[in-house]
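Colleague: Turn this into a structure:
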Amino acid sequence: MPRKYSRRRNSLKKRNSLKRRSFRRRNLRGGAELSIDELRRRRLARFDRSAPAPAPAPAPSPAPAYGIPNFSILPPEVLEYIVQHLSEDPNDTIINKCRNVVRYCSANSESRQFCKNSKSVQKVIDECKDYFAQVKHWKEIARERGDKLADVPKHLQKEKEIVLAAVRKFGIALQYADPEFKKDPEVVLTAVQNNGGSLRYAADEFKDDKHIVLIAVSNFGQSLYDTSLRLKNDKDVVLAAVSKDGLALKYASPELKKDKEVVLTAVLQNHRAFEFASNELKDDQDITLSLLKSLTSRNF
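Modeller: Modelled structure (predicted):
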């Protein structure tokens, strides 16, 4: 290579290297890349000395403290009040205990004065405030990303508010719920309304509940697989399933695979359901015409 080309190549290399180094110093100082607006503001600030200094970045909100209120330090009369009211409330959760402490302290002027003068009660109330912050924090996360229910701390997994927020957004999150909530009708119903496939993670009693199963199969036909044998032989349930997904005929009872209305509905929804029909119906003229109609509509 001629010497003049060699010199030019080295000069270009040096210039590009200096450009890259200058860019890194300018844009990556402090480990964070600057936005285009920030670069423009800095460029203008070099010529305008009266430009205001950049506002400091807002401090990140502190994560809520994790802990459980220590109710054992409460005075006997407050504990008695909590036990009495929890016997009326089926949800014996920490958040309900906290609410009962607050309720006791706001019942009348005498109880308010007692709580104000009791250090142990004040300490539990402060701990309850932290606990409320934790519940609110995780409820907001679950509302945005239901699958984050798997990351909720164990002592918060028994809070129904968080579980409901999660399954309302992402029904399959029922698999991460506490076993207690897999038996809760409200939680299971909310989950199957969002995603019928969550029936798989519900307690067995709901897999034999016609109302719950009808909602599940109307939402996701393949969830017929997870229903009880009794409901796999229920024509209403199977019709709802094959109307949504013809291939759900595979999980119907042998008796309903011989039912002409069920098989017709399944084949019209999906021509591949024909293979799950009984041998007698495979020779039926109406079923064959429905199969041809389904194939024609798929191809054209």
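Colleague: ok, residue 241 - contacts?
Modeller: 217, 218, 221, 222, 223, 224, 248, 251, 252 (C-beta atoms under 8 Å, 6 or more residues apart in numbering). (C-beta placed from N, C-alpha, C; glycine too.)
Colleague: one more time with 6 Å, if that's ok
Modeller: Neighbouring residues of residue 241 by C-beta atoms under 6 Å, 6 or more residues apart in numbering: 217, 221, 224, 248.
Colleague: which of these tops the neighbour count?
Modeller: residue 217 (31 neighbours; other C-beta atoms under 10 Å).
Colleague: before we move on, which element is that one in?
Modeller: Assigned by DSSP states H and E, residue 217 belongs to helix 210-219.
Colleague: What lies in contact with that helix?
Modeller: 192, 196, 199, 206, 223, 224, 227, 231, 237, 240, 241.
Colleague: center of this protein - which residue?
Modeller: By C-alpha atoms, centre = their mean, the chain has its centre lying nearest to residue 146, at 1.0 Å.
Colleague: per-residue confidence for the closest residue to it other than its chain neighbours?
Modeller: Spatially, and ignoring its direct neighbours in sequence, residue 146 is nearest to residue 170 (2.6 Å; C-beta to C-beta, 6 or more residues apart in numbering). Predicted confidence (pLDDT) for residue 170: 93.
Colleague: What distance do you get for residue 85 to residue 103?
Modeller: 7 Å (C-beta to C-beta, to the nearest Å).
Colleague: Quick check on the residue nearest to residue 146: phi, psi?
Modeller: phi -150, psi 90 (degrees, to the nearest 10).
Colleague: burial count for it?
Modeller: Around residue 170 there are 20 residues (other C-beta under 10 Å).
Colleague: what do you get for the one 4 residues further on?
Modeller: Applying the criterion other C-beta under 10 Å, we find 28 residues in the vicinity of residue 174.
Colleague: picking that back up, compare the contacts of helix 210-219 and tell me which has the most neighbours.
Modeller: Using other C-beta under 10 Å as the neighbour criterion, residue 241 leads the contacts of helix 210-219 with 34 neighbours.
Colleague: what comes into contact with stretch 257-266?
Modeller: Taking C-beta under 6 Å, 6+ apart as the rule, stretch 257-266 contacts 238, 242, 243, 246, 249, 256, 273, 277, 278, 281, 287, 290.
Colleague: Max pairwise distance over the residues you listed: which two?
Modeller: Within those, two members stand farthest from each other by C-beta to C-beta: 243 and 278, at 19.2 Å.
Colleague: Residue 188 and residue 203 touch, don't they?
Modeller: No - distance between residue 188 and residue 203: 7.5 Å, which falls outside the contact criterion (C-beta atoms under 6 Å).
Colleague: which one of those two has more residues nearby?
Modeller: Using other C-beta under 10 Å as the criterion, residue 188 and residue 203 rank with residue 188 on top: 28 against 15.
Colleague: how near is that one to residue 209?
Modeller: 9 Å.
Colleague: Report the secondary structure element holding residue 112.
Modeller: With DSSP H and E as the test, residue 112 turns up in helix 109-117.
Colleague: so what secondary structure elements neighbour that helix?
Modeller: helix 94-105 (3 or more C-beta pairs under 6 Å, 6 or more residues apart in numbering; DSSP states H and E).
Colleague: So for the helix it packs on, what gets flagged as buried?
Modeller: 94, 95, 96, 97, 98, 99, 100, 101, 104, 105 (16 or more other C-beta atoms under 10 Å).
Colleague: quick check, nearest of the residues you listed to residue 155?
Modeller: residue 94 (7.3 Å).
Colleague: For the next helix or strand after the helix holding residue 217, which outside residues touch it?
Modeller: Beyond helix 210-219 on the C-terminal side, the first helix or strand identified by DSSP H and E is helix 229-232. Residues outside helix 229-232 that contact it (C-beta under 6 Å, 6+ apart): 213, 237, 252, 253.
Colleague: Quick check on those: which are buried?
Modeller: By 16+ other C-beta under 10 Å, the contacts of helix 229-232 give 213, 237, 252, 253 as buried.
Colleague: Check those and tell me the two furthest apart.
Modeller: 213 and 253 (13.9 Å).
Colleague: Residue ranges in the stretch 151-300 of the chain under the pLDDT threshold?
Modeller: Scanning the stretch 151-300 of the chain for pLDDT under 70 picks out 294-295, 297-300.
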